[in-house]
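# would you be able to build a 3D model of this:
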Amino acid sequence: MNILLVLAGEPPDKQLLQSQIDKTDLVVAVDGGFNTLKKYSLSPDLIIGDLDSVELPENNTIRVVHTPDQNFTDLEKTLEYLLESYTPNSLILLGATGGRTDHLLSNLHVCALVDNSVNITILSEKIISDKIVLEKIIRLTPNTNIDHEVKQGNTLSVLPVTQYSGLATRGLKWDIEHLDSHHNSSSQSNLAIIDDPQFSLMSGSVYIAVYQ
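Below is the predicted model:
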């Protein structure tokens, strides 16, 4: 099962949002993420959150799960509910970047703790050198892969968020050999020299930021 989560961060444009809706089985608005869907006259299957940033229509027919506990973020509460209620193969997040840096870091840490068999990708659009570039932040674990996500010529960086060991790649300009979190070096602004380069990890999780 593929689940799309729309958060209240930097909103995607309608084309990116619609393209992801078309690929997923369940569309979830995480609190204020509902406002982005509403702006484009799109409806989620489910709204989850404390609802402090959402104005629901009077005749709302969308299923709502109210989670008022302020000890956890709306994303934490949403993931807990989804993982208890469904068996997702993949989670795609839109609106998880932009705005405050602490929100992005929190989102990365929260997603890093999800069962490592679930594929997680955070999508956003960035303006780089006057061009609109799709940014994919893909979680890599020992039980997930990022096949068909990276193309020849893509720039990519490793984003270590938690402890990990045994990161290795094949198909990058500067391949990585058994990199661990205790090393002082990582890999920034690397380059894919083939389509679908190989990534492997022995333990923990890292994010691969890909720019297309």
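# where do the strands sit along the chain?
Remark: strands assigned in the chain by DSSP state E are 2-6, 26-30, 46-49, 63-66, 90-94, 119-128, 131-140, 155-159, 164-165, 168-170, 190-191, 198-200, 203-204, 206-211.
# tell me the angle of the fifth one relative to strand 119-128?
Just to be clear, that refers to strand 90-94. 30 degrees (axes from the mean of the first three to the mean of the last three Cα atoms, to 10 degrees).
# strand 90-94 versus strand 131-140: what angle between them?
Between the direction of strand 90-94 and that of strand 131-140, the angle (the same axes, to 10 degrees) works out to 150 degrees.
# which elements pack onto strand 90-94?
Helices and strands touching strand 90-94, by 3 or more Cβ pairs under 8 Å, 6 or more residues apart in numbering; DSSP states H and E, are strand 2-6, helix 14-21, helix 101-112, strand 119-128. For glycine as for every other residue, the C-beta is placed from the backbone atoms N, C-alpha and C.
# could you export these as a markdown table, including mean pLDDT, distance to residue 174 and mean neighbour count?
Output for the helices and strands packed on strand 90-94, formatted as a markdown table (pLDDT from 0 to 100; distance: least, Cβ to Cβ, whole Å; neighbours: other Cβ atoms under 10 Å):
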| stretch | mean pLDDT | distance to residue 174 | mean neighbour count |
| --- | --- | --- | --- |
| strand 2-6 | 97 | 32 | 24 |
| helix 14-21 | 94 | 30 | 16 |
| helix 101-112 | 89 | 23 | 16 |
| strand 119-128 | 87 | 20 | 18 |
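# can I get those in TSV with distance to residue 212?
Formatted as TSV, the helices and strands packed on strand 90-94 follow (distance: least, Cβ to Cβ, whole Å):
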stretch	distance to residue 212
strand 2-6	19
helix 14-21	12
helix 101-112	19
strand 119-128	10
